[in-house]
Each structure stands twice: as structure tokens, then as C-alpha cells.
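Enquirer: sequence unknown, structure follows:
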């Protein structure tokens, strides 16, 4: 029986060594896989950092361009508003003059004479080509 116990101990030790080797081989494979995954993750992390940097620069440039265009748009709207207001001031409306009152005269000449009679000379600045 001692012989059998010794044989069992010997087989157990052999089995233990075999299982240990199998586990070590499996761990080595898992470690290699883990190292490969870590390398891939590092590569992706590097690429992601690079993309984030480029995207951040692009976004800042785009935001800057949008602000500049908004400012330019506001300036153009202000300029348009000013021009419309000036145009309206430069084009006075004269109401209650009967149709055909100009008696065949040139309309510009008729209006010049009418304004001189009603308002008097020197009230309106002289424009080019208009003589009172």
C-alpha cells in the first residue's frame, strides 16, 4: 500500500507539473494577446489624440470664421439700413398736385419752379444739373 501511495504521489506531482505547464503556456498566450491589444489601444489612443487636436483647431477656426462673418453681416445690414434711410430722405414726396399740372413742361423744371414758389430759394441744396 505504501507503494501505491508513493505511485499516487508521483502521479499527482507529474499531473501537477503538467497542469502547471499548460497553465503557463495559456498565460503566455494570453499575455501575448494582452500585449497586442495594449499596443492596438495605444495606437488608437495616439490616433484619437491627433484627430482631436486637428478637429479642435478646425473647430476654433470655424468658430472664428463664423464670428467674423456674423460681424460682417451685421455691418452690411447696418450699411443697407443707412443707405435705405438716406435714399428715403433724398427722395421727398410731394402730395396733392393735380395730374397734368405741369402743362407739358419738363417734370424736373416744373418741380423746380414749384418748389421755388412754395418754399423759396436756398432751402434745398442745389443738385448737379438743376438750375433754379
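Expert: Sure, I can see it. Since this is a predicted model, take the numbers as computed values, not measurements.
Enquirer: next, count neighbours for residue 20.
Expert: 10 (other C-beta atoms under 10 Å). No exception for glycine: its C-beta is placed from N, CA and C like everyone else's.
Enquirer: for the protein, just list every one of the helices.
Expert: Counting by DSSP state H, the segments of the chain that form helices are 2-90, 107-118.
Enquirer: mean neighbour count, the ones you listed: which tops it?
Expert: helix 107-118 (a mean of 13; mean count of other C-beta atoms under 10 Å).
Enquirer: state the mean pLDDT of it.
Expert: The pLDDT scores in helix 107-118 average 80.
Enquirer: weakest of the helices of the chain in terms of mean pLDDT?
Expert: For those, mean pLDDT drops lowest on helix 107-118, to a mean of 80.
Enquirer: now do the contacts for residue 114.
Expert: The contact partners of residue 114, taken as C-beta atoms under 8 Å, 6 or more residues apart in numbering, are 94, 97.
Enquirer: how about residue 96, phi and psi?
Expert: Here is the backbone geometry of residue 96 (degrees, to the nearest 10): phi 70, psi 40.
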